[in-house]
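Participant: no sequence for this one, just the structure:
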């Protein structure tokens, strides 16, 4: 129940081990599996949640998991990613931005390391949902309630400023944030089934799929001829009328 006392999770990874977290995790894993399997490339990077393999369905040969915690293939700071510019084909960001001190800087770093036409997939908690109300009116201690839930419209604005184009996404986790699975999976299963149809924007979790667009510039070169070259020469280099007469 939304008003019931819930245990405080010391980390987001630990929260995903709870019954409430497993409910969200199952829906996130399904979305990531379905989406990454259709994206091709060479290098894929998952930022955050190293205990979960959201790249398991990816066909890319190199798949890395980077996070602040132990258990990651690369231990890093998301504000300064240790990767070359335009070197990554796909970046997954499961709930990174709501717990980052500088979410704008994280997005700028991701934009830097992505190749042109590279893919970015983000998952986040929706502040305009029953889960958002739980955070606003309930106890904000522990995960995920200690995070700063970012509105989807705001996130889209940030991505647009960095040159990303949103190409897909969806909502999930429509049931109230009960702590016990029998309430989430049984008593309120009807809300999950009807969520996409009747209250699509009120899911507890949203997913956003964006592509980095780099608009190129094509130079149109004029057809040079002697007459045009003569018109472009500086006046000092062109013979004066007196010099012409002396010749």
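Facilitator: Ah, there it is. Predicted, not measured: the structure shown is a model, and the values here were computed from it.
Participant: For the rest of this, base every contact and every neighbour count on C-alpha atoms.
Facilitator: OK.
Participant: what separates the lengthiest helix in the chain from the chain centre, distance-wise?
Facilitator: With DSSP state H setting the assignment, residue counts place helix 19-36 as the longest helix in the chain. Put simply, helix 19-36 sits 16 Å off its chain's centre (Cα atoms, centre = their mean, to the nearest Å).
Participant: That helix - contacts with which helices or strands?
Facilitator: Contacts defined by 3 or more Cα pairs under 8 Å, 6 or more residues apart in numbering; DSSP states H and E place helix 19-36 against helix 181.
Participant: mind redoing it with 10 Å?
Facilitator: Packing partners of helix 19-36 (3 or more Cα pairs under 10 Å, 6 or more residues apart in numbering; DSSP states H and E): helix 12-15, strand 88-94, strand 114-125, strand 164-172, helix 181, strand 205-212.
Participant: Could you export these as CSV, including distance to residue 62?
Facilitator: Shown next, in CSV, are the helices and strands packed on helix 19-36 (distance: least, Cα to Cα, whole Å):
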stretch, distance to residue 62
helix 12-15, 23
strand 88-94, 10
strand 114-125, 14
strand 164-172, 23
helix 181, 35
strand 205-212, 20
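Participant: pretty sure residue 142 contacts residue 13?
Facilitator: No: taking Cα atoms under 10 Å as the definition, residue 142 is not a contact partner of residue 13, at 11.6 Å.
Participant: Turn the helices and strands packed on helix 19-36 into JSON lines, including mean pLDDT, distance to residue 108 and mean neighbour count.
Facilitator: Listed next are those as JSON lines, based on pLDDT from 0 to 100; distance: least, Cα to Cα, whole Å; neighbours: other Cα atoms under 10 Å:
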{"stretch": "helix 12-15", "mean pLDDT": "92", "distance to residue 108": "23", "mean neighbour count": "17"}
{"stretch": "strand 88-94", "mean pLDDT": "97", "distance to residue 108": "13", "mean neighbour count": "23"}
{"stretch": "strand 114-125", "mean pLDDT": "97", "distance to residue 108": "10", "mean neighbour count": "22"}
{"stretch": "strand 164-172", "mean pLDDT": "95", "distance to residue 108": "11", "mean neighbour count": "17"}
{"stretch": "helix 181", "mean pLDDT": "69", "distance to residue 108": "38", "mean neighbour count": "17"}
{"stretch": "strand 205-212", "mean pLDDT": "97", "distance to residue 108": "11", "mean neighbour count": "21"}
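Participant: Show me which positions of the longest helix of the chain end up buried.
Facilitator: Across helix 19-36, burial judged by 16 or more other Cα atoms under 10 Å covers 19-21, 23-25, 28-29, 31-33, 35-36.
Participant: for the residues you listed, which one is nearest residue 58?
Facilitator: residue 36 (5.2 Å; Cα to Cα).
Participant: check contacts around that closest one.
Facilitator: If a contact means Cα atoms under 10 Å, 6 or more residues apart in numbering, then residue 36 has 44, 54-60, 90-92, 119, 121 as its contacts.
Participant: and if we set it to 6 Å?
Facilitator: residue 58 (Cα atoms under 6 Å, 6 or more residues apart in numbering).
Participant: Any stretches of this structure with poor pLDDT?
Facilitator: Low-confidence segments of the chain, defined by pLDDT under 70: 1-7, 68-79, 181-199, 216-247.
Participant: Would you map the helices across it?
Facilitator: 12-15, 19-36, 103-113, 130-137, 152-161, 181, 189-198, 226-232, 241-246.
Participant: Pull the distance from the third one to the chain's centre.
Facilitator: With Cα atoms, centre = their mean as the basis, helix 103-113 stands 9 Å off its chain's centre.
Participant: quick one: buried residues of it?
Facilitator: 103, 104, 106, 107, 109, 110, 111, 112, 113.
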